[in-house]
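Engineer: sequence plus the predicted model coming up.
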Amino acid sequence: MNFRSLDDFWAFYMSQHSKPSTRRLHFAGTISGIIIFIYSLLFNWKFLLLAPLIGYGFAWYSHFFVERNVPATFGHPIWSFLCDFKMFGLMITGGIDKEIKRLGKRPILQPF
């Protein structure tokens with residue numbers, strides 16, 4: 001599936017994160033990855049490889065076992081990474097519910 005813009009991909013990305021549990025696990029993975037990344041920069045660079053492993057681990061678990069879909073990262077790694085941080089920011093600021101309502105009910109598509 002080809003997307004013309006990040007905004008088009010964003011709508012698809014959010015359709016793949018329809019369950020609150022999926023979004024919570026993504027949040028846990030993102031915050032853990034950020035903390036481990038910062039720790040590795042400040043104290044021990046050997047932890048650097050652990051940051052994406054933990055971050056993606058939480059996210060992929062949520063897709064395979066909660067949402068029951070294929071992670072968008074497999075087909076669109078850069079856009080997925082950017083959208084994950086956008087979703088993370090909306091969750092921190094409390095804007096995720098408003099964004100879900102703005103996007104409305106959309107069909108759940110597969111990226112391949």
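Structural biologist: On my side now, so go ahead.

Engineer: how much space between the most centrally placed residue in the chain and residue 6?
Structural biologist: By CA atoms, centre = their mean, the chain has its centre lying nearest to residue 84, at 3.4 Å. Going from residue 84 to residue 6 by CB to CB, to the nearest Å gives 12 Å. Quick note: C-beta positions are derived from backbone N, CA and C, even for glycine.

Engineer: hang on, the earlier thing: ok, now which ones touch the residue nearest to the centre of the chain?
Structural biologist: Residue 84 makes contacts with 26, 30, 59, as judged by CB atoms under 8 Å, 6 or more residues apart in numbering.

Engineer: from these, which is closest to residue 103?
Structural biologist: Nearest to residue 103 among those, counting by CB to CB, is residue 26 at 16.3 Å.

Engineer: in which helix or strand does the closest one reside?
Structural biologist: Element membership for residue 26 (DSSP states H and E) is helix 20-42.

Engineer: what packs against that helix?
Structural biologist: helix 50-61, helix 77-93 (3 or more CB pairs under 8 Å, 6 or more residues apart in numbering; DSSP states H and E).
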